[in-house]
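Sharing a sequence plus its predicted fold:
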Amino acid sequence: MPKGVTLLEILLTLLLLGLLVTLAVPGFSALHDRLAVQAATDAVTSAHARARLLAVAEGRVAVLTITSDSVVVRVIEAPADTVRRWRGDGPAAHGVTAGGTPRTVLFAPSGITMGVANATYTLTRGAARKQVVVSRYGRVRVL
C-alpha cells in the first residue's frame with residue numbers, strides 16, 4: 001500500500017481547520033478591544049499621576065488637558081504663561097472612544113485638584129468598556 005494522504009483527507013482537515021479559525025476570530029477581536037481599552041485607561045491614569053506629581057515636585061499649579069487625540073501637562077509659571085512639560089497620545093491613538101473629554105484639570109502645588117468635583121472618563125471600544133473616575137482630591141479609580 002502506498003504511503004500518503006488522499007484528497008478527501010486533506011479537504012476534511014482544511015475544513016476542520018477553517019471551522020476552528022472561524023470560531024476563534026471573534027474571541028481575538030474581543031481580546032484586542034479589551035487590550036486597547038486597558039492601554040487607553042493606563043494612559044489617562046498615568047497622565048493624572050504625572051500631573052499631580054509634577055505639581056507637587058515643582059510647587060506650581062499643573063494643568064492637565066485631556067482630549068481624544070492628546071494628553072498634555074503644562075505648568076503655570078506666570079499668571080498668563082504656561083510651559084508644556086509633557087505630551088502623550090490620547091485614547092483615539094488606541095482606537096478607543098472617550099466620553100467625558102475634552103477636560104482640563106488643575107492640580108494645586110499640594111497635589112489636590114482645583115475646581116473639580118469628580119471627573120469621569122468612559123473609555124470604550126467594541127464591547128470593552130472602562131471608567132476612570134478622578135476624585136476632587138486627585139485620586140484616580142478605575143471601574
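Here it is on my side, so go on.

State the pLDDT value of the spatially most central residue of the chain.
Nearest to the mean C-alpha position of the chain, by Cα atoms, centre = their mean, lies A40 at 0.8 Å. Note on A40: pLDDT of 94.

I figured it hits G88, correct?
No: assessed by Cβ atoms under 8 Å, A40 is found out of contact with G88, at 10.9 Å. For glycine as for every other residue, the C-beta is placed from the backbone atoms N, C-alpha and C.

show me the contacts for N118.
Neighbouring residues of N118 by Cβ atoms under 8 Å, 6 or more residues apart in numbering: 133-136.

Which among these count as buried?
V134 (16 or more other Cβ atoms under 10 Å).

So for the contacts of N118, which is the shakiest by pLDDT?
Per-residue pLDDT puts R136 lowest of the contacts of N118, at 78.

Can you tell me the strand partners of the helix or strand of the chain at the bottom of the mean pLDDT ranking and which way each runs?
The helix or strand of the chain with the lowest confidence, counting by mean pLDDT, DSSP states H and E, is strand 113-114 at a mean of 84. Within its sheet, strand 113-114 is paired with strand 103-107 (antiparallel), according to DSSP bridges.

How about the strand it pairs with, which residues are buried there?
Quick answer for strand 103-107 (16+ other Cβ under 10 Å): 105-107.

So which residues make contact with that strand?
48, 51-52, 54-55, 61-66, 113-116, 119, 121, 134, 138.

Can you list which of those residues are found in helices?
When helices are assigned by DSSP state H, the members of these inside them are 48, 51-52, 54-55.

possible to save those residues as a markdown table with distance to A93 and neighbour count?
Below are the ones in helices among the contacts of strand 103-107 laid out as a markdown table (distance: Cβ to Cβ, whole Å; neighbours: other Cβ atoms under 10 Å):
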| residue | distance to A93 | neighbour count |
| --- | --- | --- |
| H48 | 17 | 23 |
| A51 | 19 | 28 |
| R52 | 22 | 25 |
| L54 | 22 | 19 |
| A55 | 25 | 27 |
